[in-house]
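A.B. asks: please find the sequence and the predicted model below.
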Amino acid sequence: MTIVWTHDLNTGIDVIDEQHKSIADYINKLESAIKQQNRTAVGQVLDELVDYTLSHFAFEESLQEEAGYKFAKPHKAVHDMLAKRVATYQQRHKAGEDIAGPLHAMLCTWLVHHIKRDDMAYVSEVKASILNIVKDRNEGGWISRSLRRFFA
């Protein structure tokens, strides 16, 4: 099943949405490699998908931490659980087992559910944090504000 990006998967945080779309693209590339029955391509896409997804998780977790999101640790635990699960699939693939079909099905389901349930839960807090950072930069940061107050 190909992942088709729909509006309901958008968080409204452009950088996160673009990263999620890239993960969906990797999952779709995995499907293509499966259809071509290209075991080498499956392994390459799997490695790229893992690398990209782990960097996305780290970025997303840093945004949550910066925003003070109260469920950041449980959210990270969900990420860690998927990473371990996919690492097991990687090991099985390297051992010669055909894991591509079940892995693809799991990733399709996981990504959509994770975005709609877990990621949508942090959106308002992270967006507010991002807006505060942008506002702070536009106002010259805390040093500039302090100097203006002191010398005004």
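C.D. replies: Perfect, thanks for sending it.

A.B. asks: any idea what sits nearest the residue positioned nearest the centre of the chain, other than its immediate chain neighbours?
C.D. replies: Using CA atoms, centre = their mean, the residue of the chain that lies closest to the mean C-alpha position is residue 56, 4.2 Å off. Computed as CB to CB, 6 or more residues apart in numbering, the closest residue to residue 56 that is not its neighbour in sequence is residue 19, at 4.6 Å. Heads up, the C-betas are built off the backbone N, CA and C, glycines and all.

A.B. asks: and the residue nearest to the centre of the chain, what is it in contact with?
C.D. replies: Neighbour list for residue 56: 19, 20, 22, 23 [criterion: CB atoms under 8 Å, 6 or more residues apart in numbering].

A.B. asks: buried ones among those?
C.D. replies: Buried subset of those (neighbour count, 16 or more other CB atoms under 10 Å): 19, 20, 23.

A.B. asks: tell me the contacts of residue 9?
C.D. replies: So residue 9 contacts 17, 20, 112, 115, 116 (CB under 8 Å, 6+ apart).

A.B. asks: quick one: it from residue 117, how far?
C.D. replies: According to CB to CB, to the nearest Å, residue 9 stands 12 Å off from residue 117.

A.B. asks: quick one: residue 129 and residue 62 touch, right?
C.D. replies: No - the pair residue 129 / residue 62 is not scored as a contact, 10.9 Å apart, by CB atoms under 8 Å.

A.B. asks: which of those two has more neighbours?
C.D. replies: Using other CB atoms under 10 Å, the more surrounded residue of residue 129 and residue 62 is residue 129, with 18 against 11.
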